[in-house]
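Engineer: sequence-free structure coming up:
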């Protein structure tokens, strides 16, 4: 009897051990894409090499694919050394490409090089974070990390992003939108071209860029002229917001997907606020004014009543977790001597990496509010993988969601003190593969055998 029990116990232990081995992420062929035609090209290289160094401690095979500033895809054995990219004009490699409906990486002349299990996207900004690269990989049928095409495009475009935030009931600073290039000289540049619900100072942002590139503060009409000229050099659509004074910035990252961890048939749709409307109004020369929904905390503008359909109130904290299955990071407070964090503050300053307070010294109530808002912003844009949500707190304590970054620098690993870099990357691979699996189960082809084409028109056979 004793020997039978010992045999049974040994069998259970062996079964558990085998199960644990099977549940580990298998060795993957990973395409690490970085660079691209973006003002954030150099930051992308840094993010890629941090990830590459972390992946060297795993069993995965990594193929670094450098996207040049002209858009060519290159591979080389030398691309495991970051010093190769100090002089980009001298970077040399073999040209490669992806093809529709094929999970392989191909040489310039069509030879299959590697089958790719998942693509790790370390591309920041345009042609990498905006849905374009994601669309290419969708066509190839390759799983990839981060948000999908629609979520990437919507999150990259500040105008669309703000609209979706507002529709989800999130508190945003009042803003205006120029959808066409306005004249910045002569009589046409007057107060009528500025959304009349917003007063100086203003912050002017190109709609489709990140890392504070092209962003300026304008305290008067003359500075607004210059700021618009700078912004229009990067994009034809410009977001103009009321610039807060004496404010603080906070960052919080979210890891997961909207349905990550839910069982079959479950959905978090009941947790998503779809009732609040986008209560903007057309003002001036093609501008769309988006009022501050709370109607308070306006340093210089006119107070507005809340939208009747809004669920957002000043510093409202939800009693229930908006998206309970998402992993949310600790909160950091970036510190800068400037009026807002510039590109140099973030990346070029000698102390860029140390200019922060972590974790942020804020109240438990504010901590919970920011974490809940971060999850809600992530869900509102339908993001996947990892994203960093940036917040502003006015001098009177009102908290606003500012923007979301779907491929944050260093994948925001530094905001998760209880997770290693490898842990975060493994989660990203797991999510990417699971997302592709779910999409592959969808119906894309409909039987049109009952229809025939006649003279370029479809007519149903009866």
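Structural biologist: On my side now, so go ahead. Computed from a predicted model, the values in this text were never measured in an experiment. Residues are numbered from 1 along each chain as shown.
Engineer: domain parsing for the protein?
Structural biologist: 29-146, 153-406 (automatic domain parsing).
Engineer: and those domains, which one's lowest on average pLDDT?
Structural biologist: Mean pLDDT across those is lowest at domain 153-406; the value there is a mean of 72.
Engineer: Out of the domains of the chain, the one nearest residue 448 is which?
Structural biologist: domain 29-146 (20.1 Å; C-beta to C-beta). Just so you know, the C-beta spots here come from the backbone N, C-alpha and C atoms, and that holds for glycine as well.
Engineer: on that earlier part again, so which of the domains of the chain is nearest residue 415?
Structural biologist: domain 153-406 (3.7 Å).
Engineer: and the host helix or strand of residue 431, what other elements does it pack with?
Structural biologist: Assigned by DSSP states H and E, residue 431 falls within helix 421-440. Judged by 3 or more C-beta pairs under 8 Å, 6 or more residues apart in numbering; DSSP states H and E, helix 421-440 is in contact with helix 41-55, strand 118-121, strand 143-144, strand 248-257, strand 384-393.
Engineer: ranking the ones you listed by burial, who's on top?
Structural biologist: strand 118-121 (a mean of 28; mean count of other C-beta atoms under 10 Å).
Engineer: Sheet-wise, list the partners of that strand with their directions.
Structural biologist: Using DSSP bridges, the strands paired with strand 118-121 are strand 29-35 (parallel), strand 143-144 (parallel).
Engineer: before we move on, the earlier item: for the helix holding residue 431, which outside residues touch it?
Structural biologist: Contacts to helix 421-440, defined as C-beta atoms under 8 Å, 6 or more residues apart in numbering, come from residues 25, 28, 30, 50-51, 54-55, 57-58, 117-120, 141-146, 148, 255-257, 260, 327, 384-386, 411, 413, 416.
Engineer: Could you give the number of residues near residue 370?
Structural biologist: 23 (other C-beta atoms under 10 Å).
Engineer: Show me which parts of the helix or strand hosting it are buried, residue by residue.
Structural biologist: Using DSSP H and E, residue 370 maps to helix 364-380. By neighbour count on 16 or more other C-beta atoms under 10 Å, the buried set for helix 364-380 is 366-367, 369-380.
Engineer: residue ranges of the helices in the stretch 1-150 of the chain, please?
Structural biologist: Chain-ordered helices for the stretch 1-150 of the chain, with DSSP state H, counting those that start in this stretch as the definition, fall at 2-23, 41-55, 132-140, 149-156.
Engineer: now the domains of the chain in CSV, with distance to residue 424?
Structural biologist: Converted to CSV, the domains of the chain look like this (distance: least, C-beta to C-beta, whole Å):
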stretch, distance to residue 424
domain 29-146, 8
domain 153-406, 7
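Engineer: Can you check which of the ones you listed gets nearest to residue 444?
Structural biologist: Of these, nearest to residue 444 by C-beta to C-beta is domain 29-146, at 11.4 Å.
Engineer: now residue 225: how far from residue 43?
Structural biologist: 29 Å (C-beta to C-beta, to the nearest Å).
Engineer: Kindly report the same for residue 56.
Structural biologist: Taken as C-beta to C-beta, the span from residue 56 to residue 43 is 21 Å.
Engineer: quick one, phi/psi of residue 87?
Structural biologist: Here is the backbone geometry of residue 87 (degrees, to the nearest 10): phi -120, psi 90.
Engineer: Quote the end-to-end distance of stretch 156-174.
Structural biologist: One end of stretch 156-174 to the other measures 19 Å (C-alpha to C-alpha, to the nearest Å).
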